[in-house]
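1. Using only what follows, build the 3D model:
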Amino acid sequence: MYKYDGRLIHQSHDDDGIIEVVELNGIRSLHFGSHPRQSSMRLAAPHKLELTYVRAMTGWLLFKQTLADDALIIGLGGGSLTKHLLHYFPECKLKVVEYRRSVVKIARSHFGLPLDPRLKVIVDDGGRYICQRTETEREHYSLLFVDAFDHEGMAESICNEAFFEACKLLLKKDGMLVINLWGTENSQFRQISQWLGRIFQWKLLFLPVRCKGNIIALAFNDHSAFYCMRDLRARALALEEHYQIEFPVFLKDLNTHNPHTLTNLIKP
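-> Model (predicted):
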């Protein structure tokens, strides 16, 4: 059976809808009952980040040398970002919160999510989990990634000001929040931008994903470093060679699309 232009290899249902896995030209993709891909994996290179927006979420590497401690990920999908971090950062410890237990099962059975002692997967509502941890896990994480979408858009529980305030509390003083947003013309995007700006004192950069509707927001906590553009350009080239990811493009787009906040973080 074919669907979304590819061969349907799995279809199941849970209380939140349809889960489908489709293969096309050596790429396996996760769908939630609609054409947009929630996650993709190239079968011949399972650790490569296939989707452009997920590669853009690695933009944090321009500003941090490595990940040698704890990170929290809200939203698992097929586990592309999780696998990338486990593969390249052997000293990291990851906690992933995924709302749908069936998605966790598919990530393991069809997308190679490993059983790794450095990885803990929790089935829970991401927004609720974050807001309930502001005391027990305060200032615990160097990085916090949010990529929580269903077939209709961003999960409701993370689209509120209290959620982003809680994210800031869970981050170390020099920590970063990396979040996948959708659409510059979207009123929800504008509202979230205002929340992030206020909460993170406009230490905030937006990275539009070329030819896509995604926008990756990078929010920096209070004690983040001040960066030099010349050093960042050199770092982008080194990162591109190491990871085969288009970091110079990311840096160029960050420079272009953040005229009002760039100087809060980067000097020429």
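2. which intervals of the stretch 151-268 of the chain have sub-threshold pLDDT?
-> By pLDDT under 70, the low-scoring segments of the stretch 151-268 of the chain are 151-153, 183-185.
3. Kindly recompute the last result at 50.
-> Along the stretch 151-268 of the chain, segments meeting pLDDT under 50 are nowhere present.
4. Show me where this protein has its strands.
-> 2-3, 6-14, 17-24, 27-31, 39-42, 70-74, 93-98, 119-123, 141-146, 171-182, 204-208, 214-220, 227-228, 266-267 (DSSP state E).
5. where exactly do the helices run in the stretch 51-200 of the chain?
-> Taking DSSP state H, counting those that start in this stretch to define them, one finds helices in the stretch 51-200 of the chain at 52-56, 80-88, 101-110, 126-131, 161-170, 187-199.
6. elements contacting the shortest one?
-> Meaning helix 52-56. Contacting helix 52-56 under the criterion 3 or more CB pairs under 8 Å, 6 or more residues apart in numbering; DSSP states H and E are the following elements: helix 80-88, strand 214-220. Where you see a C-beta, it was placed from the backbone N, CA and C, and this is true even at glycine.
7. sorry, back to before: the strands of the chain into TSV, with extra columns for mean neighbour count and distance to residue 250?
-> Listed next are the strands of the chain as TSV, based on neighbours: other CB atoms under 10 Å; distance: least, CB to CB, whole Å:
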stretch	mean neighbour count	distance to residue 250
strand 2-3	10	33
strand 6-14	13	29
strand 17-24	18	27
strand 27-31	21	22
strand 39-42	22	19
strand 70-74	25	19
strand 93-98	22	22
strand 119-123	16	26
strand 141-146	23	16
strand 171-182	21	12
strand 204-208	21	6
strand 214-220	24	9
strand 227-228	14	14
strand 266-267	16	13
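8. List the neighbours of stretch 77-90 that are in contact with it.
-> Defining contact as CB atoms under 8 Å, 6 or more residues apart in numbering, one finds that stretch 77-90 is touched by 28-30, 38-41, 46-47, 49-51, 54, 57-58, 66-68, 71, 73, 76, 92, 94, 96, 103, 106-107, 110-114, 116, 118-119, 145, 147, 243.
9. And the helices and strands packed on helix 52-56: which comes nearest residue 62?
-> Nearest to residue 62 among these is strand 214-220 (8.8 Å), distances taken as CB to CB.
10. Direction included, what does that closest one pair against?
-> strand 171-182 (antiparallel), strand 204-208 (antiparallel) (DSSP bridges).
11. what about stretch 55-71, start to end distance?
-> End-to-end distance for stretch 55-71, by CA to CA, to the nearest Å: 17 Å.
12. Okay, buried residues for the longest helix belonging to the chain please.
-> In the chain, with assignment by DSSP state H, the single longest helix is helix 229-243. Using 16 or more other CB atoms under 10 Å as the test for burial, helix 229-243 gives 232, 235-236, 239-240, 243.
13. May I see these arranged in a markdown table, with distance to residue 208 as well?
-> Shown next, in a markdown table, are the buried residues of helix 229-243 (distance: CB to CB, whole Å):
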| residue | distance to residue 208 |
| --- | --- |
| 232 | 18 |
| 235 | 21 |
| 236 | 17 |
| 239 | 19 |
| 240 | 19 |
| 243 | 20 |
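14. Counting neighbours, what do you get for the closest residue to residue 131 other than its chain neighbours?
-> Once flanking residues are discounted, residue 131 sits nearest to residue 166: 4.7 Å by CB to CB, 6 or more residues apart in numbering. Other residues near residue 166 come to 23 when the count uses other CB atoms under 10 Å.
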